[in-house]
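S.K.: sequence isn't available, so here's the structure alone:
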């Protein structure tokens, strides 16, 4: 079962949804049974992830591979180029594991939920499916569906089971997230309707092009989409899944002949090339569409793979209708749109399909949508209210996982697909990150509500994530060295994982004491160490992890980000480093007011009894993870992400060098030299390939009277 990526990834994503159906069939008055079954399904997700990704054979995650793993592409709504496409790499894998772990612990903390337990468990499981789907979806439309699936359960979990102002907090969360979703949808449609997979095929190794800039197999294209661009892979059982990559355009004796393969001296003939897995058509100047049809149909191996014909009414000079001989899927002579995130990434960096202006606006719209979820100032105001009003388990999910979806969207979508926007706005992004860090720290320092203080600390800590992702230091001034930016992105990713552990722990510890005394006023606590010693020890450890104490999970990410910023902007680096002082101030002050001191100052002192075994087990698990991630950061976290992040950052650094900062070559010729300007002075026209620059194919000379000149493209879709 675990050897099939389709089954494995689908199981990981939809196990919680299956659990929701099971819970829906259970009696409503059996609260412990409902909680137990829900906890069991969250645990099964982790088991499936560990067995499938870490212990199985062919589907196990390989940290040494920097490309997408276990990816598959199945038709869902093919008429609109929408596919059920999932996959995993070093960016998504750690976040999937974090989601599975935090979900188990949050469900373990849900024994404090007393009303409408059945509805709560169903919504909790649906929320987990939405979160896992976001991290694994590779189709942009499917990504958006999972993003919206997450929204409604969280709205109800806050609005029904929250505090006194739960309706206000839930509506505010919903509206902010919905605005971001609308902006994201606009950007998705902008990119989709301007996409064209055919342009990616031209710069890929689909036709055996040496040193191609795109490895076609890495795009994980659906078979039907591949067939429409001339890549026939619709039937995995066939021994020969080939592509027709011959490209002929309008020419005459004085113009260039743009041929993907061979320019031959004889009549047109076709053959199947087993090395490049393609059908090759050998032509000469003057070959017509009719000649191509006859040549391919005359070769048995080629005809078994491709069906070619002349369109109705054709005179044999223009186009050839090409389709898969088995499925009948035609090669398109129109743009082949795609929601494939991997293909969009190739279009953004390797082609000119997405113009700089389009990328700029798409980046802005996507960044706003994701920054709301991070959250970054000034789009953060929903977070404190949502945290304060949400029940403790939902606060754990919100801080531990949902905020990471914003950072994931930025690193997965914004920068790879829209590098022009990311490059132009790098100082804006870094400025927003630093401003969020400073503002969140000062706001946390000013709070008297224990939970609101932790909420503002999340704003500050997630600012490190935005800053690390925005440090585009691979520029001309630094010789396009991607090492500093690589450090920043890895630091941002580690910060997301570390903050997922520490913030979930801090919110849980606040919830433990709130369940006993029913208040969160920092000035009315004190002396909890004497009354709840084990709980206090674990709480202090988790708060120190949030502080960034060396040896705990909060340290590595912050240090990596700050070090990377020094190569980008020293003032921003100094400010970001100074935030550590503010973080220490509000964390230590909170510890002093809550856990130390001689007397407890608030109500319900009699309720301050030692934490239960369940509570200590949850807190202890989070604290152990904080230590392991802090002491062995490479073994537990960095090892899985560094190859993927390194590849992505290096690719964007190459893009910077070759596209954004490349200076056009200055021609070493004068304006009046006819030999250097042949087209302007009556000389011969140079042979030019519109896509790849000047080429000089060996075209045999043909007498003008005998040359047959086709009008338009011979092979559609090229």
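M.R.: Sure thing, it's come through. Small disclaimer: the values here were computed from a predicted structure and weren't measured.
S.K.: residue 100 sits in which helix or strand?
M.R.: Using DSSP states H and E, the secondary-structure element containing residue 100 is helix 92-108.
S.K.: in stretch 74-89, what counts as buried?
M.R.: Of the residues in stretch 74-89, those scored as buried under the neighbour-count criterion (16 or more other C-beta atoms under 10 Å) are 76, 81, 82, 83, 84, 85, 86, 87, 88, 89. To be clear about C-beta, it is placed using only N, CA and C from the backbone, and glycine gets the same treatment.
S.K.: the fourth one touches residue 72, doesn't it?
M.R.: Translated: residue 83. No - counting by C-beta atoms under 8 Å, residue 72 is not a contact partner of residue 83; they are 9.4 Å apart.
S.K.: re the thing from before, pLDDT of the very next helix or strand once past the helix holding residue 100, averaged?
M.R.: Following the chain from helix 92-108 toward its C-terminal end, the next helix or strand by DSSP H and E is helix 117-136. In this model, helix 117-136 has a mean pLDDT of 96.
S.K.: okay, buried residues for the helix or strand following helix 117-136 please.
M.R.: On the C-terminal side of helix 117-136, the nearest following helix or strand under DSSP H and E is helix 140-161. Burial within helix 140-161, assessed by neighbour count using 16+ other C-beta under 10 Å, is assigned to 140-151, 153-161.
S.K.: strands of the stretch 251-400 of the chain, start to end?
M.R.: Assignment of strands within the stretch 251-400 of the chain using DSSP state E, counting those that start in this stretch yields the ranges 269-273, 278-282, 306-309, 321-324.
S.K.: I'd guessed residue 42 sits against residue 100; true?
M.R.: Yes - the pair residue 42 and residue 100 qualifies as a contact (C-beta under 8 Å) at a distance of 7.4 Å.
S.K.: identify the residue nearest the geometric centre of this protein.
M.R.: When the chain is reduced to its mean C-alpha position, the closest residue under C-alpha atoms, centre = their mean turns out to be residue 412, at 2.7 Å.
S.K.: contacting residues around the residue found closest to that one once you drop the neighbours it is linked to in the chain?
M.R.: Taking C-beta to C-beta, 6 or more residues apart in numbering, and ignoring the residues beside it in sequence, residue 412 has residue 91 as its nearest neighbour in space, at 6.1 Å. Listed by C-beta atoms under 8 Å, 6 or more residues apart in numbering, the contact set of residue 91 reads 408, 411, 412, 493, 641, 644, 645, 648.
S.K.: which of these fall within helices?
M.R.: Using DSSP state H to define helices, the subset of the contacts of residue 91 located there is 408, 493, 641, 644, 645, 648.
S.K.: and the fourth one, what does it touch?
M.R.: For residue 644, the contacting residues are 66, 67, 89, 90, 91, by C-beta under 8 Å, 6+ apart.
S.K.: redo these as a markdown table? Include pLDDT, distance to residue 191 and secondary structure.
M.R.: Written out in a markdown table, the entries for the contacts of residue 644 read as follows (pLDDT from 0 to 100; distance: C-beta to C-beta, whole Å; DSSP: H, G, I helix; E, B strand; the rest coil):
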| residue | pLDDT | distance to residue 191 | secondary structure |
| --- | --- | --- | --- |
| 66 | 89 | 24 | coil |
| 67 | 91 | 21 | coil |
| 89 | 94 | 20 | coil |
| 90 | 94 | 24 | coil |
| 91 | 95 | 19 | coil |
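S.K.: which one of these sits closest to residue 570?
M.R.: Within the set of the contacts of residue 644, residue 91 lies nearest residue 570; the separation is 28.7 Å, counting by C-beta to C-beta.
S.K.: now residue 504, nearest residue through space, not along the chain?
M.R.: With sequence-adjacent residues excluded and distances taken as C-beta to C-beta, 6+ apart, residue 504 is closest to residue 400, at 3.6 Å.
S.K.: any idea how many residues pack against the one you found?
M.R.: 29 (other C-beta atoms under 10 Å).
S.K.: below-threshold pLDDT in the stretch 1-150 of the chain: ranges please.
M.R.: Screening the stretch 1-150 of the chain residue by residue with the criterion pLDDT under 70, one finds the ranges 1-2, 56-57.
S.K.: quick check: longest strand of this protein.
M.R.: Scanning the chain for the strand with the most residues, using DSSP state E, yields strand 69-77.
S.K.: parallel or antiparallel, which strands does that strand pair with?
M.R.: According to DSSP bridges, strand 69-77 has the following sheet partners: strand 82-88 (antiparallel).
S.K.: ok and the strand it pairs with relative to helix 92-108, angle-wise?
M.R.: Strand 82-88 and helix 92-108 meet at an angle of 90 degrees, taking axes from the mean of the first three to the mean of the last three C-alpha atoms, to 10 degrees as the criterion.
S.K.: and residue 36, what helix or strand is that in?
M.R.: For residue 36, the enclosing helix or strand under DSSP H and E is helix 31-50.
S.K.: could I get the buried residue list for that helix?
M.R.: Applying a neighbour-count criterion of 16+ other C-beta under 10 Å, the buried positions in helix 31-50 are 31, 34-35, 37-39, 41-46, 48-49.
S.K.: if you count contacts, what does it end up packed against?
M.R.: Helix 31-50 makes packing contacts with helix 5-24, helix 92-108, helix 117-136 when contacts are defined by 3 or more C-beta pairs under 8 Å, 6 or more residues apart in numbering; DSSP states H and E.
S.K.: so that helix versus helix 117-136, what angle?
M.R.: In terms of direction (the same axes, to 10 degrees), helix 31-50 departs from helix 117-136 by 10 degrees.
S.K.: tilt between helix 31-50 and helix 5-24?
M.R.: 180 degrees.
S.K.: contacts for helix 31-50?
M.R.: Defining contact as C-beta under 8 Å, 6+ apart, one finds that helix 31-50 is touched by 2, 8, 11-12, 15-16, 18-19, 22-23, 26-28, 96-97, 100-101, 103-104, 107-108, 110-111, 113-114, 117-118, 121, 124-125, 128, 132.
S.K.: report the buried members of the residues you listed.
M.R.: The neighbour count (16+ other C-beta under 10 Å) marks 2, 8, 11-12, 15-16, 19, 22-23, 96-97, 100-101, 103-104, 107-108, 110-111, 113, 117-118, 121, 124-125, 128, 132 as buried among the contacts of helix 31-50.
S.K.: about what we covered before: find the pair from the contacts of residue 644 with maximum spatial separation.
M.R.: Taking every pair in the contacts of residue 644 and measuring C-beta to C-beta, the maximum separation is 11.5 Å, between 67 and 91.
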